[in-house]
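Student: generate coordinates for the sequence data below:
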Amino acid sequence: MNDSGPPAIPVRLRHRPLLAGLVVPYITARTPQGGYRFGSVDADRAAHALHRRWCQTCGQPLTARFVFAMRDRDLDRHTAPEAAMHPECFGYSVAACPMLAGRMDHYRTSGNAELFAGIGSILGDPTDRRAGQPAEPWHAVWARDYTVITDPVTNLPAALLLPKQILRVRPIAGGQPTQPGNPTQPQPSTKE
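Tutor: Here you go, the predicted structure:
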């Protein structure tokens, strides 16, 4: 988002609800009062999107090329904790989400715990563990396929990306592009 207001909404996302002029992603959790909370993920919708190969933002089937948003720790494990996105949904998400784009250096200090009390199917940071912690850098990971696994660290569904399935890894905010299959090895920049 820039000083002139919310980013333009791609055609693919125009069916989604809006909150403060921003598209509410398909996997965004709803509070018991019916509102949405950006940064909180509905575990059932997230698992549904992963298993059905749906975009986490628009909730529609993925096409041949798709993009995961992954942190350094995700890249090290070749495991994405959330579903992929269509390229245009990913572009919108980066423009709209200050955390994903690297425009925030810390997670918000006011967490989500009080909003989701008594609800067990919320991901993101429902217990406020990350509240006020330093933000992590994000990467765009272009892929052509993935395997749904149960992540041994979180015990939740996740996407496992084999090196041969990764097409390109690029930092979202600054940094150097990396070579598929080796997140720490820089490669020459290429166009999407």
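Student: where exactly do the strands run in the protein?
Tutor: 18-19, 22-23, 28-30, 36-42, 66-71, 79-80, 122-123, 138-143, 147-150, 157-160, 166-171, 178-179, 182-186 (DSSP state E).
Student: so how far is T154 from G102?
Tutor: 24 Å (C-beta to C-beta, to the nearest Å). Glycine gets a C-beta too; all of them are placed from N, C-alpha and C.
Student: just want to know which of the two has more residues nearby.
Tutor: G102 (18 against 11; other C-beta atoms under 10 Å).
Student: show me the contacts for the spatially most central residue of the chain.
Tutor: For the chain, A69 is the residue whose C-alpha lies nearest the centre (C-alpha atoms, centre = their mean; 4.7 Å). By C-beta atoms under 8 Å, 6 or more residues apart in numbering, the contact set of A69 is 80, 82, 85, 90, 93, 100, 138-141, 172.
Student: C-alpha coordinates for stretch 43-63, CSV please?
Tutor: Provided in CSV are the C-alpha atoms of stretch 43-63 (Å, rounded to 0.1, in the frame of the first residue of the first chain):
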residue,chain,number,x,y,z
ALA,A,43,-6.8,-23.5,9.8
ASP,A,44,-9.6,-25.3,8.0
ARG,A,45,-9.5,-23.0,5.0
ALA,A,46,-5.7,-23.0,4.9
ALA,A,47,-5.7,-26.9,4.9
HIS,A,48,-8.5,-26.9,2.3
ALA,A,49,-6.5,-24.5,0.0
LEU,A,50,-3.3,-26.6,0.4
HIS,A,51,-5.0,-30.0,-0.3
ARG,A,52,-7.2,-28.7,-3.2
ARG,A,53,-4.4,-26.6,-4.7
TRP,A,54,-6.3,-23.4,-4.4
CYS,A,55,-4.9,-19.9,-4.1
GLN,A,56,-4.8,-18.7,-0.5
THR,A,57,-5.8,-15.2,-1.5
CYS,A,58,-8.6,-15.7,-4.1
GLY,A,59,-9.7,-19.2,-3.1
GLN,A,60,-9.7,-20.4,-6.8
PRO,A,61,-7.7,-23.3,-8.3
LEU,A,62,-4.1,-22.6,-9.0
THR,A,63,-2.8,-22.6,-12.5
